[in-house]
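I'll drop the sequence and a predicted model, then ask my questions.
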Amino acid sequence: MIAYKLLRVLKDDSISPLFINKKSRLNLNTWMQAEAHKTKGFAFRPGWHCLAEPKAPHLSLKKRAWYVVEIKDFEEFKRPISQGGKWYLAKQMKILHKL
């Protein structure tokens, strides 16, 4: 299934997650298994957090970009519209391209 994910874009154009395990680097066109990382100050929701639409009004776009991703083995997670509405928590994700 196609979804959208906001990622950090670093100075060398590599990409990484926004908050959880943000020191890791992500590759395009590679299936990645979700890992569970408990992080102080964040709810523990294991999985790749993706959205049905590239909209997350509560997040800044500074040094970030939306990516089109493909996800497998996911569950829907309802959030307020101000947080993007419908989230998907996926066990597997492949980043396809920058939006």
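Now that the structure is in, tell me what you want to look at.

What helices and strands are in contact with the longest strand along the chain?
When the chain is scanned for its longest strand (criterion: DSSP state E), the result is strand 64-78. Contact here means 3 or more CB pairs under 8 Å, 6 or more residues apart in numbering; DSSP states H and E; on that basis strand 64-78 packs against strand 2-9, strand 48-51, strand 86-98. Where you see a C-beta, it was placed from the backbone N, CA and C, and this is true even at glycine.

what's the spacing between it and its chain's center?
6 Å (CA atoms, centre = their mean, to the nearest Å).

What are the buried residues along that strand?
W66, Y67, V68, V69, E70, I71, F74 (16 or more other CB atoms under 10 Å).

do the same with stretch 33-43
Buried-residue list, stretch 33-43, by 16+ other CB under 10 Å: A34.

same check, this time on stretch 18-34
Those would be I20, L26, M32, A34, for stretch 18-34 by 16+ other CB under 10 Å.

Can you name the residues that contact I81?
Shown in contact with I81 (CB atoms under 8 Å, 6 or more residues apart in numbering): P57.

and the gap between it and P17?
23 Å (CB to CB, to the nearest Å).
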